[in-house]
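Visitor: mind looking at a prediction? Sequence and model below.
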Amino acid sequence: MATKGSSSYRVSAFPATVFAHVSAAAVVTLVLVWLLHFREGLAFKSDDKAKIFNVHPLLMVLGFVLISGEVFRFHYLKGIPDMYSLHSWLGMSTICLFAIQWLFSLFTFWYPRAQASTRARLAPWHAVLGMAIFVMAILSAETGLVEIFFFLGLRRSQEALIVNFTGLLIFLFAVFVGLSVVLPRSSY
């Protein structure tokens, strides 16, 4: 297997990086279209509990850590048990590992007295754990879409197409971010 700096790579990371950014924008756009057009919209406070829940998928796509508590509030308001599905277990594990990674990084890479040799030795592990967390976040998003698809009883409809295409774009985003990470950098 060729290493990242190897000359056997003939493809630059630039196209994958561009596609990752474009697909991220497309995912956010599709989620907004889905929630604003097919669902009841978005709200942090509302008598319509579905509007409160709709904040969750949008912000999970934008930044899963910022809003992880919103789904528990929705579950509480609707009487739905917490931590009952693969989606919830993957999501909670992702958030916990992200928090551990963040704390670990704070003391390893940001702390001014950390030794350079320690940083150099731990940097590859930091990168591997970061990619694992990214993959877990993607899996959490995908299983969340599947869960809501069945929870809403979606069938052949425009809303079902939006949800399915969102899932496909999330997958493509993950593929191209992965390519962007492993392919060599070139001068843009």
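Guide: Good, I have the coordinates. The shown structure was predicted, so the numbers you read here are calculated from the model rather than taken from an experiment. Residues are numbered from 1 along each chain as shown.
Visitor: could you use CA atoms for every contact and neighbour count after this?
Guide: OK.
Visitor: least trustworthy helix or strand in the chain by mean pLDDT?
Guide: helix 68-78 (a mean of 73; mean pLDDT, DSSP states H and E).
Visitor: what helices and strands are in contact with it?
Guide: helix 49-63 (3 or more C-alpha pairs under 8 Å, 6 or more residues apart in numbering; DSSP states H and E).
Visitor: how distant is the helix it packs on from the center of its chain?
Guide: Its chain's C-alpha centre and that of helix 49-63 lie 13 Å apart, by C-alpha atoms, centre = their mean, to the nearest Å.
Visitor: tell me the spacing between the most centrally placed residue in the chain and Met131.
Guide: Of all residues in the chain, the one closest to the mean position by C-alpha atoms, centre = their mean is Ala137, 4.1 Å from it. Between Ala137 and Met131 the computed distance is 10 Å (C-alpha to C-alpha, to the nearest Å).
Visitor: sorry, back to before: what's the helix or strand for the residue nearest to the centre of the chain?
Guide: helix 116-151 (DSSP states H and E).
Visitor: just checking, Asp82 touches His75?
Guide: Yes: in this structure Asp82 lies within contact range of His75 using C-alpha atoms under 8 Å: 6.7 Å.
Visitor: overlap in contacts of these two?
Guide: Residues touching both Asp82 and His75 (C-alpha atoms under 8 Å, 6 or more residues apart in numbering): none.
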